[in-house]
Structures are given as C-alpha cells and as structure tokens.
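Colleague: Please work out how this folds:
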Amino acid sequence: MSDAPPLYVQRDQPEGVPPLSLTGERTLPDVPEENYWYRRHLVVYEWIAARVEERTVAGPTGGGPQQVVDLACGEGYGTAVLGRVAAEAVGVDANPEAFEHARLRYTDDRTRFVRTLVETFDEPCDVLVFLQTIEHVQDPDAILERFRGLLRPGGEAYVSTPNLLTLAPPGAEKSENPWHVKEYRAGEYRELLERHFGSVELLGLYHARKLKLHAWALEHAAWDRIHKGLRITKPFYDRFTPAIAASDFVLRSEDDGADLDEALDFVAVLRP
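Modeller: Predicted coordinates:
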C-alpha cells in the first residue's frame, strides 16, 4: 500500500481542526480544485436557509424558532449555514473524521453535531435537510418514510439528488461515481417522493452567469478544442474554477418554465 499523501486536502484550516481529504464521497470547502462542486451544493443550503428564516418569522403555525436537522452533513459547512438562521441546526454524520472536523470547526452556539447513522437518528425537527445523498442509499423508500416520521406538524423536508441525464454519459443508467447506488430522472424521482409525501415540489438547479457562458462556449464556440489547442487548459481552469461562486447557479421551478431534464440537480420540497 502506498504511503503517498492524498492528492487534494483542505487548505488553511483553523488551528486544531484536522483537514479532510477529498475522496469523492463528499464535497469539501477550502479545496480550490473542488470549488465547483462545493459552490453547487452551497447555493442550495443558502436557499434553504432563506426559507428557514422566513418560516421563523411567518411559519405554518404563526412563526417561531425552527429546529433544523442536516442529515449526512459531511464536513459541516451546510449545517453552519443553517445554524445562522435556525433556533438550532443539528448536523448528523456517521463518518468519524467528518464528525470530528465539523465539531471542532463549526462551534456556533446554535450548531451542534451528532455522530450516528441517518437510519438511527431520532430527534424530531421542524425542517429536515438531506442533500446529494439519497443516490447513495440502498433503500430510499425506508429512509423517506423515516424522514416523514421525524417531522413535527407543519414541518418540511428538503431532499436533493443529481440528475442522471446530466451526470451520466448519454444512455447510461449511472455515472461512474462508485459511491452512487441509484441516480434518478425527474419523473422517477418525483414518483419515489410521492410515495411518502403528500406535497412534492420539485425544482432544478442550473448554471448561471459565468458558468452559463462557459457552457455556451463549450457547446457553440468549440472552447474545448480552443483551450487545448492554445495549451492554456491548466492555467485557465486553475483560475476559473476557484472563482466560481454560489451566484453562478440558480434554482428554477417548472412553474418558471424550467425543463427538469436539463437540470444539474433536483431539489425537492416535501410536506407530509
């Protein structure tokens, strides 16, 4: 077995906080090469946090503090975002390294972390968050039924997953990600969710701003061939990727004319 260090490790962590290595199982902040995926996940957490804040002011029972649970929270950055607006945000993850890192790095009074399996966590909540993880699950029906049981009256869940059609090669039933058990098309994802929740609102995540321009250049201006021909691929992306921001993604619904088949990820808002 090689003793070589991991290729990508978090940079510039606070003193006493062990950096995490990028394995492909979860995304990480503070890894410039991973910034695209980190921002793609962060924008959804920020959107949910805005909705949690709205619920606190004018929630389903007249407002009040919101108890939020972030299941499979990984490094903990999303739980910390939710903790800024929730009465308490609880990050749950079974991985010992991720749990220890999150516990030491995110120490706000309204944020705490629990090391346990998603399947055994049993604290009731007003808002449940489960992002980019259901594709890792062997029995999604069982886990969704458990989620419904954790929600207090008037609660809602947010469950996201990548779109098979834009993640995997054309015609493939799954991408090459070894951590994924099942990847979904919009229709089958909605069907899965509707088996367990009475209200299912499905949104799509799309490129915006410079990522939309980059996608246009790849499709219509032969940018892939140009940067390779000019031998500027590495210097260009060494600058472009770390500069990606959450604002380079946008969430849209079918009511806004969005085509979910073209979405990067599906974000579901679920109510019992």
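Colleague: switch to C-alpha atoms for all contacts and neighbour counts from now on
Modeller: OK.
Colleague: Can you find the helix or strand of the protein with the lowest average pLDDT?
Modeller: Taking mean pLDDT, DSSP states H and E as the measure, the helix or strand of the chain with the lowest value is helix 223-229, at a mean of 89.
Colleague: how much distance is there from that helix to the middle of the chain?
Modeller: Relative to its parent chain, helix 223-229 has a centroid offset of 31 Å by CA atoms, centre = their mean, to the nearest Å.
Colleague: Just the CA trace of it, in PDB.
Modeller: The C-alpha atoms that make up helix 223-229 are tabulated as PDB, following Å, rounded to 0.1, in the frame of the first residue of the first chain:
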ATOM      1  CA  TRP A 223     -14.000  26.200 -26.400                       C
ATOM      2  CA  ASP A 224     -12.800  22.700 -25.500                       C
ATOM      3  CA  ARG A 225     -10.800  22.500 -28.700                       C
ATOM      4  CA  ILE A 226      -9.500  26.100 -28.500                       C
ATOM      5  CA  HIS A 227      -8.100  25.900 -25.000                       C
ATOM      6  CA  LYS A 228      -6.400  22.600 -25.700                       C
ATOM      7  CA  GLY A 229      -5.000  23.900 -29.000                       C
END
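Colleague: Which SSE is immediately downstream of the helix or strand hosting R190?
Modeller: Under the assignment given by DSSP states H and E, the secondary-structure element containing R190 is helix 186-194. Next along the chain after helix 186-194, taking DSSP H and E as the criterion, comes strand 199-207.
Colleague: In terms of secondary structure, what does that following strand contact?
Modeller: Packing partners of strand 199-207 (3 or more CA pairs under 8 Å, 6 or more residues apart in numbering; DSSP states H and E): helix 186-194, strand 249-253, strand 265-271.
Colleague: which stretches of the stretch 51-200 of the chain form helices?
Modeller: Listed from the start of the chain, the stretch 51-200 of the chain has helices (DSSP state H, counting those that start in this stretch) covering 77-83, 96-105, 140-150, 164-167, 186-194.
Colleague: Which stretch among those helices approaches E262 most closely?
Modeller: When the helices of the stretch 51-200 of the chain are compared for distance to E262 using CA to CA, the nearest one is helix 164-167, at 6.7 Å.
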